[in-house]
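Chemist: Just a sequence and a predicted model for now, questions to come.
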Amino acid sequence: MARKLAVIGAGLMGSGIAQVSAQAGWDVVLRDVTDQALTRGTDGIRKSYEKFVEKGKLQAADAEAALGRITTTTDLDATAEADVVVEAVFEKLEVKQEIFATLDKIVRPEAVLASNTSAIPITKIAAATAHPERVVGAHFFSPVPMMQLCELVRGYKTSDETLATVREFAESVGKTCIVVNRDVAGFVTTRLISALVVEAAKLYESGVASAEDIDTACKLGFGHAMGPLATTDLTGVDILVHATGNIYTESQDEKFAPPELMRRMVDAGDLGRKSGQGFYTY
Ligand SMILES: NC(=O)c1ccc[n+]([C@@H]2O[C@H](COP(=O)([O-])OP(=O)(O)OC[C@H]3O[C@@H](n4cnc5c(N)ncnc54)[C@H](O)[C@@H]3O)[C@@H](O)[C@H]2O)c1
């Protein structure tokens, strides 16, 4: 019998997680707060499957079958039968805590509760439940169908069984996992990119090298697909100031302090690609 997955939140990440999971044979219940959000989510999934079919990477019949494995609901109680729940709602601690507290009462005792949070300590989310040992981080990357990595994050009380179950789930949908043993701010991935971006911005800010040359150094010297300053423009200067600022606040480690230049860029509205101007002009 197919295993059951519940995905809470049908936005960019939740719909991507539902998509790869249904394709891998999981029965998926996708939950959001409005029918519009659910329709947007499933429309996105259908279009993405169609693109894979056009490219010859997926059989049309398999896409149809995968779509048939996804049911949508606005009712959280519909997650009761899930073996694994992945939450992918807004990045707000209170919202996530409320959902986990409710899920904890609805799902079966052996079900695992995972959060796709990019940065919130899993321990804080788990503390809202009566069973923090079954709460874990499963940090997927965007776009989920394309990105290979899943960063698994232990909270203070996450059990080995929970980690093993979520790893089995992530691997079953084609991801390669890394394990973060303590839920430090920024986990491993956001910490690494933050350190690189902050140093790149400081080198640029102090006139040591041009933005192009800093990015070229990382691409040709280290084989990165994209340089840190171009990555910042793509992600959003504001997003990175926020992310590095959070890590700095929690760690008090100066190397994560957002450089003055990046803070001023945000003040001035130079947010990267989305505003037409960042480290580069678009
Ligand atoms: N966007 C990224 O690149 C990315 C990457 C990795 C992790 N994340 C994390 O994934 C999570 C979701 O991000 P996103 O980009 O998909 O956000 P999004 O805004 O695209 O989607 C969030 C969805 O959650 C729904 N929602 C809100 N409250 C809900 C509730 N109580 N029950 C069910 N659904 C609810 C919203 O209606 C919306 O559809 C965040 O924690 C984010 O930090 C995002």
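Modeler: Nice, I can see it.
Chemist: Any idea what the closest residue to T158 other than its chain neighbours is bridged to?
Modeler: Distances taken as Cβ to Cβ, 6 or more residues apart in numbering place V136 nearest to T158, at 4.9 Å, with adjacent residues excluded. (Glycine included, C-beta is placed from N, CA and C.) According to DSSP bridges, the residues that bridge with V136 are A114, R154.
Chemist: Count the neighbours of V136 for me.
Modeler: Around V136 there are 27 other residues, counting by other Cβ atoms under 10 Å.
Chemist: go on, E171?
Modeler: Around E171 there are 13 other residues, counting by other Cβ under 10 Å.
Chemist: now swap in A6 and tell me
Modeler: 27.
Chemist: Need the pLDDT of the residue in the stretch 101-250 of the chain positioned nearest to the ligand.
Modeler: Closest residue of the stretch 101-250 of the chain to the ligand, Cβ to the nearest ligand atom: S142 (3.4 Å). For S142, the pLDDT comes out at 90.
Chemist: Identify the residues contacting it.
Modeler: When contacts are counted by Cβ atoms under 8 Å, 6 or more residues apart in numbering, S142 touches 12-13, 16.
Chemist: Phi first, then psi, for the closest residue to A200 other than its chain neighbours.
Modeler: What sits nearest to A200 in space, not counting adjacent residues and going by Cβ to Cβ, 6+ apart, is P228, at 4.0 Å. Phi and psi for P228, reported as degrees, to the nearest 10, are phi -70, psi -30.
Chemist: need the helix or strand of the protein with the lowest average pLDDT.
Modeler: The weakest-scoring helix or strand in the chain, judged by mean pLDDT, DSSP states H and E, is helix 237-251 (a mean of 93).
Chemist: Count residues in the vicinity of the closest residue to H139 other than its chain neighbours, would you?
Modeler: Spatial nearest neighbour of H139, excluding adjacent residues (Cβ to Cβ, 6+ apart): E151 at 4.0 Å. Neighbour count of E151, defined by other Cβ under 10 Å: 21.
Chemist: That'll do, ta.
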